[in-house]
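Chemist: here you go, sequence then predicted model.
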Amino acid sequence: MLRMGRKYEVPRLFEEAVRRLKFCFPTTLRGLDAFRAAKILPIQNVWDGDVLFKIINTIQGSEFEPELDYLLPSAFFACTLLDNKTLLKAARDDAMTINFLDAVFGGRQRLTSAFLREDQLFAGEDLPRCVQWGLNCQTTPALHQTIKGVFVKVLTANDPFIELERFLRDEGARNGGICTLCVADIVARYNRGRAEVWKTLPSLFGLEIAEGWPRTA
């Protein structure tokens, strides 16, 4: 659709293709959360290996770059969530270049380092304490056990942009229960950290975005 709109000079077709790509490869954290919350299979499949590689190659083609380069950081991030077998197969089949693989594998490591560096929740010993005296998370280690569970989940998934609220409630229930205020405090601390990581996303993959990052338009 993108190429057809440009080739045959059909602005409406081209603009619709860009609109869809902007939803699938957002430039803001709010957009990323909205994309992940959309349980529409054809949309979610855009992050699958073969489709994803074709889209990146199209955007990086001289025809569209730097016009659409702002889509690349979240597209490269999506690649970090693929398994190594899929990534290596893409290079072997000439679907992607070795330089691309280097950027993705290196970016995955730098994402984890950035999360640990910018983290607002787990660093040091300044763990949050429940402000509601007498509630379960004040009188048991449930709150800190829950925070440790969150930490392991994020690092295991190599994904510092996971939304945590539902997981927090499940993990907290397993640890004896944590209160609503503690959930809100943990989510707020975590979101501050992931916002800082998101600001640096292009540089983690060695990408230069012509009009800056993150974008709101």
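Modeler: That came through fine.

Chemist: please name the nearest non-neighbouring residue to the residue nearest in space to the middle of the chain.
Modeler: For the chain, residue 161 is the residue whose C-alpha lies nearest the centre (C-alpha atoms, centre = their mean; 4.5 Å). Spatially, and ignoring its direct neighbours in sequence, residue 161 is nearest to residue 194 (5.4 Å; C-beta to C-beta, 6 or more residues apart in numbering). Bear in mind the C-beta positions are built from the backbone N, C-alpha and C, glycine included.

Chemist: what packs against the helix or strand containing that neighbour?
Modeler: Here residue 194 is covered by helix 180-199, with elements defined by DSSP states H and E. If you count contacts as 3 or more C-beta pairs under 8 Å, 6 or more residues apart in numbering; DSSP states H and E, helix 180-199 packs onto helix 29-37, helix 98-118, helix 142-157, helix 165-174.

Chemist: okay, angle between the third one and helix 180-199 too, please.
Modeler: The directions of helix 142-157 and helix 180-199 differ by 30 degrees, with axes from the mean of the first three to the mean of the last three C-alpha atoms, to 10 degrees as the criterion.

Chemist: what packs against helix 142-157?
Modeler: Other helices and strands packing on helix 142-157, by 3+ C-beta pairs under 8 Å, 6+ apart, are helix 98-118, helix 136-139, helix 165-174, helix 180-199.

Chemist: gap between it and the chain center?
Modeler: Here helix 142-157 is found 18 Å from its chain centre; the criterion is C-alpha atoms, centre = their mean, to the nearest Å.

Chemist: domain ranges for the chain?
Modeler: For the chain, automatic domain parsing gives the domain ranges 2-116, 120-198.

Chemist: mind telling me which of these the model trusts least?
Modeler: Sorting the domains of the chain by mean pLDDT places domain 120-198 lowest, at a mean of 70.

Chemist: hang on, the earlier thing: list just the one of the helices and strands packed on helix 180-199 that sits closest to residue 202.
Modeler: Comparison of these against residue 202 by C-beta to C-beta identifies helix 98-118 as nearest, at 9.8 Å.

Chemist: so what touches the closest one?
Modeler: 56, 76-77, 79-80, 87-88, 90-91, 123, 154-155, 158, 160, 193-194, 196-197, 200, 204-207 (C-beta atoms under 8 Å, 6 or more residues apart in numbering).

Chemist: now the residue nearest to residue 161: how far from residue 34?
Modeler: Taking C-beta to C-beta, to the nearest Å as the measure, residue 194 falls 15 Å from residue 34.

Chemist: more neighbours, those two?
Modeler: residue 194 (24 against 12; other C-beta atoms under 10 Å).

Chemist: ok, residue 214 touching residue 199?
Modeler: Yes - judged on C-beta atoms under 8 Å, residue 214 makes contact with residue 199 at a distance of 6.5 Å.
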